[in-house]
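S.K.: Quick one, structure for this:
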Amino acid sequence: MTRRFSAPLTLLTVAVLASPGSGTAQTFTVSKTNIGGDGGHDYIMAEAGTGRVFVSRGTHVMVVDGSTGKVIGDIPDTPRMHGIAVAPKSNHGFTTNAGDSTVTMFDLKTLAVIKKIPTHTGGLDGIMYDEFSDRIVLTNHSRPIGTVTLIDAKSGDIVGTVNLEDTAPEGAASDGKGKLFVNNEGTSTIQVIDEKTMKAIASWPLAPCEGPTGIAFDRKTDRIFAGCSGTSVVLDAKTGKVVAQLTNGNGVDALGYDPSEKLIYIPAGGDGTVTVVRQDAADKYTVIATVKTMPGVKTIGVDPVKHVAYGFVPEYGPAPAPAAGVTPPPAGGRGGRGPRGPVIGGWFFTITH
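M.R.: Numbering: from 1, shown residues only. As a prediction, this is how the structure comes out:
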């Protein structure tokens, strides 16, 4: 059963940093509210211009009004789900459900489930919408090799699969001209996919970025932003050359970009911070704020119309005591932790400036 409740938005912190060379200051305000709900989390997605924010919760998706923190909807039956994408042209939304290797297709206005699409592959994880091809792009931790699956956003039909060089593809981004870029976490590379031929046509190393996850693309400068713990990087999308390095926190699992504001948001779940980077020029970047959130806020959603960023993390109570005679698993076991207690809070963060 999903608990639905909300609390008033609470101011957490205000970050004010001078913009070097500009003589002006920029203020970032962070607030949080407890939206409740059951389940863990992975990706968070902000629907551009509507104020709605989709929050993955393991077996369902909570839909939140970003301005108030009020839960306004819920999409059920998404076992071990990871991400959400929306396709405005067809009024459809999609979720990746690793638990049963399906994609839930739902009506974007009513949130009613239209159908569940069998993918016939395991390891469903990342998801994004490519408006150029009007396709949903899935990045799958499939075996024996990672794959990208392409789905027609209008019909929900699978239209192709591309084999990758790594079993752990993470985020994907589009250049809006027929090419996709996919971060490979295991090999620390970006692969380039030609959507016309459905083939990977290049592989670019990302050093010193290790274990890339989040990704975004700036179409004005042809630059790719790849998010990594500690050091993220910027690539020239024409050559694959690393042209800039960005210093950020640890535990990065996503990256957000506001193109008109020229701001990159890099969440660090290990540190409980979001590093905000300004793009001064194609190859020049300045860290303008390090905003405090909470440990575990590892992903982010950015509304490029309202210019607001969102994060989320569940809070767990004490783990239950093991049964008599049962040896508990060591702390730092699967997923880097021992058994978890019940969810006692669902903290929704709003970053404005």
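S.K.: contacts and neighbour counts: CA atoms only from here.
M.R.: Will do.
S.K.: what's the neighbour count on the residue lying closest to residue 296 once chain neighbours are set aside?
M.R.: Nearest residue to residue 296 in three dimensions, chain neighbours excluded: residue 269, at 4.1 Å (C-alpha to C-alpha, 6 or more residues apart in numbering). Burial of residue 269 is recorded as 23 neighbouring residues (other C-alpha atoms under 10 Å).
S.K.: My guess is residue 269 contacts residue 255. True?
M.R.: No: counting by C-alpha atoms under 8 Å, residue 269 sits too far from residue 255 to count as a contact (11.8 Å).
S.K.: Between the two, which contacts overlap?
M.R.: residue 299 (C-alpha atoms under 8 Å, 6 or more residues apart in numbering).
S.K.: coming back round to it: and the residue nearest to residue 296, how far from residue 178?
M.R.: 33 Å (C-alpha to C-alpha, to the nearest Å).
S.K.: One more: residue 196?
M.R.: For residue 196 relative to residue 178 (C-alpha to C-alpha), the value is 7 Å.
S.K.: When the two are compared, which one has more neighbours?
M.R.: More crowded of residue 196 and residue 178, by other C-alpha under 10 Å: residue 178, with 15 against 9.
S.K.: need the contact list for that one.
M.R.: Going by C-alpha under 8 Å, 6+ apart, residue 178 touches 132-133, 194-196.
S.K.: The stretch 251-353 of the chain: strands as residue ranges?
M.R.: With DSSP state E, counting those that start in this stretch, the ranges of strands along the stretch 251-353 of the chain come out as 256-258, 263-268, 273-281, 284-292, 301-303, 308-316, 343-352.
S.K.: winner for burial among these?
M.R.: Mean neighbours per residue, mean count of other C-alpha atoms under 10 Å, is largest over the strands of the stretch 251-353 of the chain for strand 263-268, with a mean of 29.
S.K.: low-scoring stretches of this protein, by residue?
M.R.: 1-25, 328-338 (pLDDT under 70).
S.K.: Rebuild the strands of the stretch 251-353 of the chain as JSON lines, extending it with distance to residue 159.
M.R.: Formatted as JSON lines, those follow (distance: least, C-alpha to C-alpha, whole Å):
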{"stretch": "strand 256-258", "distance to residue 159": "27"}
{"stretch": "strand 263-268", "distance to residue 159": "32"}
{"stretch": "strand 273-281", "distance to residue 159": "36"}
{"stretch": "strand 284-292", "distance to residue 159": "38"}
{"stretch": "strand 301-303", "distance to residue 159": "27"}
{"stretch": "strand 308-316", "distance to residue 159": "32"}
{"stretch": "strand 343-352", "distance to residue 159": "36"}
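S.K.: of all these, which lies closest to residue 86?
M.R.: With C-alpha to C-alpha, the closest approach to residue 86 among these belongs to strand 301-303: 12.7 Å.
S.K.: So which residues make contact with that closest one?
M.R.: Applying C-alpha under 8 Å, 6+ apart, the external contacts of strand 301-303 come out as 44-49, 51, 53, 256-258, 308-311.
S.K.: next one: stretch 269-280
M.R.: 246, 248-253, 262-268, 285-299.
S.K.: hang on, residue 118 packs against residue 103?
M.R.: Yes: assessed by C-alpha under 8 Å, residue 118 is found in contact with residue 103 at 6.6 Å.
S.K.: quick one: which of these two has more around it?
M.R.: Legend: neighbour count by other C-alpha under 10 Å for residue 118 and residue 103, higher for residue 103 (26 against 14).
S.K.: what sits opposite that one in the beta ladder?
M.R.: For residue 103, the beta-bridge partners are residue 96, residue 117 (DSSP bridges).
S.K.: Next one: it from residue 141, what distance?
M.R.: From residue 103 to residue 141 the distance is 15 Å (C-alpha to C-alpha).
S.K.: do residue 151 as well
M.R.: 17 Å.
S.K.: again, but for residue 226
M.R.: Note on residue 226: its distance to residue 141, by C-alpha to C-alpha, is 18 Å.
S.K.: repeat for residue 345
M.R.: 30 Å.
S.K.: got it, and residue 290?
M.R.: Look at residue 290 and residue 141: by C-alpha to C-alpha, they are 31 Å apart.
S.K.: Over to residue 105?
M.R.: Residue 105 is 20 Å from residue 141, where distance means C-alpha to C-alpha.
S.K.: Please apply the same query to residue 262.
M.R.: Applying C-alpha to C-alpha to residue 262 and residue 141 gives a distance of 31 Å.
S.K.: who has more neighbours, the two?
M.R.: More crowded of residue 262 and residue 141, by other C-alpha under 10 Å: residue 141, with 23 against 15.
S.K.: Can you say which of the strands of the stretch 251-353 of the chain is nearest to residue 146?
M.R.: That would be, of these and by C-alpha to C-alpha, strand 256-258, which comes in at 23.4 Å.
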